[in-house]
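1. coords please:
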Amino acid sequence: MTDANTPPSRGRILVVDDQRNMRATTALLLRAEQYTVFEAATGEEALAHLAGGSMDLLLTDLKMEPMDGLTLLRRALEVAPRLQVIMMTAFGSIESAVEAMRLGAYDYVTKPFKESELRYRVERALERARLLRDVDNLATDFNQRHGLSALVGRSAAMRDLTTRLMRVAQSDATVLIQGESGTGKELVARALHAHSRRKGRSFVPVNCAAISETLLESELFGHAKGAFTGAVKARRGLFEEADGGTLFIDEVTETSPTFQSKLLRALQEGEVRRVGESTALRVDVRTVAATNRDIELEVREKRFRQDLYYRLNVVTLRVPPLRERLEDVPALAEHFLERANARSPNPRRLSAAAVTHLMGYAFPGNVRELENLVEQAAALAEGDELLPEDFPLRQERLAPVPGASSMVSLEGQVSPAAGASTGPTLAQVVEDAERRAIAQSLERHGVDLARVADELGVSSTTLWRKMKRLNLRPPSEASRE
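-> Numbering: from 1, shown residues only. Just a heads-up that it's a prediction; the model follows:
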């Protein structure tokens with residue numbers, strides 16, 4: 001228990017040096033500054049510390065045996081990517097210190113160092129650690145409050161979608177969301193509203209496929225008392241309910257040309273007329289429409305008005321089918337299982353074999369099908385661990401990715417195809433997904449690693465480290481061999 005008179009720790013620091021006197025002296029200096037300091041004599045001991053608890057700063061010597069400081073740096077950042085690292089090095093090893101900075105170290109200090117210099121560099125490194133932690137906390141809180149966290153996935157396709165969503169959210173531009181059934185189009189619409197300036201007002205959804213043609217006009221525009229049989233009192237329509245907010249019109253291609261002409265007028269004029277009334281009402285609504293059909297084909301076949309299509313298609317957001325972002329399956333499955341466990345007295349966990357089994361499936365029902373599969377397995381499984389047999393799948397298995405072996409030069413072998421009965425670990429499944437995502441991005445951008453890192457949402461240092469671990473190189477480099 002901490003003494004009430006003991007000042008709070010200013011940060012957690014791990015000091016690594018194979019020279020005991022140097023290590024102890026450095027630790028003593030930092031403890032005097034009210035830091036919580038841990039000591040390690042070897043790289044292996046340091047990694048054990050990092051695996052056992054969070055550290056803010058790693059202060060390590062460069063020249064150590066058997067694991068040197070650069071090796072420890074690379075392995076430490078794999079364990080804790082947000083860890084700040086300061087390398088301690090002799091004056092003659094400046095080039096190695098610069099290499100450490102390239103690999104992800106925050107700073108270096110040459111030995112023998114002045115106490116004031118060490119204190120200054122440590123304080124700067126810990127300030128950066130605090131800023132990064134604050135950014136992470138704010139981002140998590142923001143996503144939880146505003147809905148973007150519901151869009152689970154870190155694939156390139158999902159990153160493209162969320163980037164485009166964030167760009168258009170603050171405008172009042174009409175948005176058309178296209179995607180197959182079950183991909184999560186309404187989630188995208190809700191996230192769009194949650195990030196808009198209208199987020200404090202209503203989000204009103206309507207599914208055109210679920211309402212008969214005769215009732216749809218009344219549902220959207222409202223009606224006067226006595227306008228038709230059963231209209232015993234006047235009613236506001238959904239356009240009025242959404243005034244100041246967002247109206248989400250799902251499956252808009254299921255409507256008739258007659259209704260489409262009325263919808264077009266409402267969107268163009270910014271006003272609606274209740275059924276049975278002659279007076280128009282002004283409404284301030286941001287419209288988001290969605291369809292699972294090929295809307296351009298619907299226009300060419302004269303089933304959807306071309307002028308309404310152009311009015312809706314100011315900005316298009318395409319929600320990718322799950323088969324195009326299979327690297328997101330593990331995260332999605334865990335997300336759905338966590339929700340199922342919250343409602344169940346018998347929590348389950350996913351086995352690596354089950355994840356591999358799922359990643360080899362084409363998911364014709366997309367994310368909705370995966371959600372249903374996970375909920376069914378959580379409800380019916382006999383054991384605590386969900387196994388492949390708990391996920392009865394149809395026959396839509398995936399073939400190997402065309403050209404995957406030629407995307408990049410692999411010094412080793414590609415991991416077995418998803419669905420192979422090799423019994424990989426969960427780490428191997430995740431590694432295979434990482435390899436697929438990086439390989440596809442390298443195929444698109446070649447040697448432009450900055451664009452690859454930006455597309456994948458990682459730093460250039462992290463990308464370089466992962467490519468080295470996965471034995472990946474850009475196609476142009478492979479072609480020179």
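2. Low-confidence ranges, this protein, go.
-> When residues are selected by pLDDT under 70, those of the chain lie in 1-9, 91-93, 134-150, 395-430, 461, 475-481.
3. okay, now the domains of it?
-> Annotated domains of the chain cover 12-139, 154-320, 326-398, 401-481 [automatic domain parsing].
4. okay, those domains in TSV with mean neighbour count next?
-> Placement of C-beta: from N, CA and C, glycine included. TSV is the format used below for the domains of the chain (neighbours: other Cβ atoms under 10 Å):
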stretch	mean neighbour count
domain 12-139	17
domain 154-320	18
domain 326-398	17
domain 401-481	16
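5. Just the CA atoms of stretch 53-64, as CSV, please.
-> What follows is stretch 53-64, C-alpha atoms only, in CSV (Å, rounded to 0.1, in the frame of the first residue of the first chain):
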residue,chain,number,x,y,z
GLY,A,53,3.1,-4.8,-17.1
SER,A,54,2.8,-1.4,-18.8
MET,A,55,5.9,0.8,-19.0
ASP,A,56,6.1,4.4,-20.2
LEU,A,57,9.8,4.5,-21.0
LEU,A,58,12.6,2.0,-21.8
LEU,A,59,16.1,3.3,-21.0
THR,A,60,18.5,0.7,-22.4
ASP,A,61,22.2,0.4,-23.1
LEU,A,62,23.3,-0.3,-26.7
LYS,A,63,26.2,-2.7,-26.0
MET,A,64,24.9,-5.7,-24.1
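6. from the chain's centre, how far out does it sit?
-> 29 Å (Cα atoms, centre = their mean, to the nearest Å).
7. same question, stretch 360-374
-> 18 Å.
8. Likewise for stretch 176-196?
-> Distance, stretch centre to chain centre, for stretch 176-196: 15 Å (Cα atoms, centre = their mean).
9. Next: stretch 206-215.
-> Offset of stretch 206-215 from its chain centre (Cα atoms, centre = their mean): 34 Å.
10. Grab the nearest non-local neighbour of P320.
-> Setting aside the residues directly before and after it, P320 is nearest to A157 in space (Cβ to Cβ, 6 or more residues apart in numbering), at 4.1 Å.
11. Correction: the previous question concerned L281.
-> Per Cβ to Cβ, 6+ apart, closest to L281 is V272, 5.6 Å.
12. Remind me which helix or strand L30 belongs to.
-> helix 20-31 (DSSP states H and E).
13. Mind checking what helix or strand follows that helix in sequence?
-> strand 36-40.
14. Which residues does that following strand contact?
-> For strand 36-40, the external contacting residues (Cβ atoms under 8 Å, 6 or more residues apart in numbering) are 9, 11-16, 23-24, 27, 30-31, 46, 48-49, 55.
15. R465 contacts L77, correct?
-> Yes - counting by Cβ atoms under 8 Å, R465 sits close enough to L77 to count as a contact (6.9 Å).
16. Now for these two: what residues contact both?
-> Shared contacts of R465 and L77, defined by Cβ under 8 Å, 6+ apart, are found at 103-104.
17. circling back to that earlier point, any idea which element the residue nearest to P320 lies in?
-> Using DSSP H and E, A157 sits in helix 156-169.
18. Keeping just the C-alphas, turn that helix into PDB.
-> C-alpha atoms of helix 156-169 as PDB (Å, rounded to 0.1, in the frame of the first residue of the first chain):
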ATOM      1  CA  ALA A 156      -7.600  -1.000 -46.100                       C
ATOM      2  CA  ALA A 157     -11.200  -1.100 -47.500                       C
ATOM      3  CA  MET A 158     -12.700  -0.100 -44.100                       C
ATOM      4  CA  ARG A 159     -10.000   2.600 -43.700                       C
ATOM      5  CA  ASP A 160     -10.900   4.100 -47.100                       C
ATOM      6  CA  LEU A 161     -14.600   4.000 -46.100                       C
ATOM      7  CA  THR A 162     -14.100   5.700 -42.700                       C
ATOM      8  CA  THR A 163     -11.700   8.300 -44.200                       C
ATOM      9  CA  ARG A 164     -14.200   9.300 -46.800                       C
ATOM     10  CA  LEU A 165     -17.100   9.200 -44.200                       C
ATOM     11  CA  MET A 166     -15.200  11.600 -42.000                       C
ATOM     12  CA  ARG A 167     -14.500  14.000 -44.800                       C
ATOM     13  CA  VAL A 168     -18.100  14.300 -45.900                       C
ATOM     14  CA  ALA A 169     -19.700  14.100 -42.400                       C
END
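19. which helices and strands does the next helix-or-strand element following that helix pack with?
-> Per DSSP H and E, the first helix or strand lying C-terminal to helix 156-169 is strand 175-178. In terms of contacts (3 or more Cβ pairs under 8 Å, 6 or more residues apart in numbering; DSSP states H and E), strand 175-178 is packed against helix 185-194, strand 286-291, strand 315-318.
20. Reformat these as JSON lines; add distance to P474.
-> Below are those laid out as JSON lines (distance: least, Cβ to Cβ, whole Å):
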{"stretch": "helix 185-194", "distance to P474": "32"}
{"stretch": "strand 286-291", "distance to P474": "38"}
{"stretch": "strand 315-318", "distance to P474": "27"}
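21. Now do the strands in the stretch 151-300 of the chain.
-> Under the criterion DSSP state E, counting those that start in this stretch, the stretch 151-300 of the chain contains strands at 175-178, 203-207, 222-223, 235-236, 246-250, 271-273, 280-282, 286-291.
22. Within its sheet, name the partner strands of the first one and how each one runs.
-> If I follow you right, that is strand 175-178. Strand pairing for strand 175-178, using DSSP bridges, gives strand 286-291 (parallel), strand 315-318 (parallel).
23. The next helix or strand after the shortest one versus helix 156-169: what angle between them?
-> Tracing the chain C-terminally past strand 315-318 and defining elements by DSSP H and E, one meets helix 329-342 next. For helix 329-342 against helix 156-169, the angle by axes from the mean of the first three to the mean of the last three Cα atoms, to 10 degrees is 70 degrees.
24. Give me the distance between helix 329-342 and the centre of its chain.
-> The answer for helix 329-342 is 14 Å, by Cα atoms, centre = their mean.
25. what sits against the residue nearest to L317 when sequence neighbours are not counted?
-> Nearest residue to L317, sequence neighbours excluded (Cβ to Cβ, 6+ apart): I177, at 4.9 Å. Residues in contact with I177 (Cβ under 8 Å, 6+ apart) are 185, 188-189, 288-291, 316-319.
26. One more: A189?
-> Taking Cβ under 8 Å, 6+ apart, one finds 175, 177, 203, 205, 246, 248, 250, 288, 290 in contact with A189.
27. picking that back up, of all the strands paired with strand 175-178, which lies closest to Y106?
-> Closest to Y106 of the strands paired with strand 175-178 is strand 315-318 (Cβ to Cβ; 38.0 Å).
28. Show me the contact partners of the closest one.
-> Contacts of strand 315-318 (Cβ under 8 Å, 6+ apart): 161, 164-165, 168, 173-179, 188, 192.
29. Which of these sits closest to E217?
-> Nearest to E217 among those, with distances taken as Cβ to Cβ, is T174, at 19.9 Å.
30. Contacts only, for the closest one.
-> T174 touches 267, 286-289, 311-315, counting by Cβ under 8 Å, 6+ apart.
31. what do you get for M88?
-> Neighbours of M88 in contact, by Cβ under 8 Å, 6+ apart: 17, 26, 59-62, 69, 108-111, 113.
32. Quick check: the farthest pair among those residues?
-> G69 and F113 (15.1 Å).
33. and the gap between the closest residue in space to F336 that isn't next to it in sequence and E39?
-> Closest residue to F336 apart from its sequence neighbours, by Cβ to Cβ, 6+ apart: V374 at 4.0 Å. Distance, V374 to E39, using Cβ to Cβ, to the nearest Å: 45 Å.
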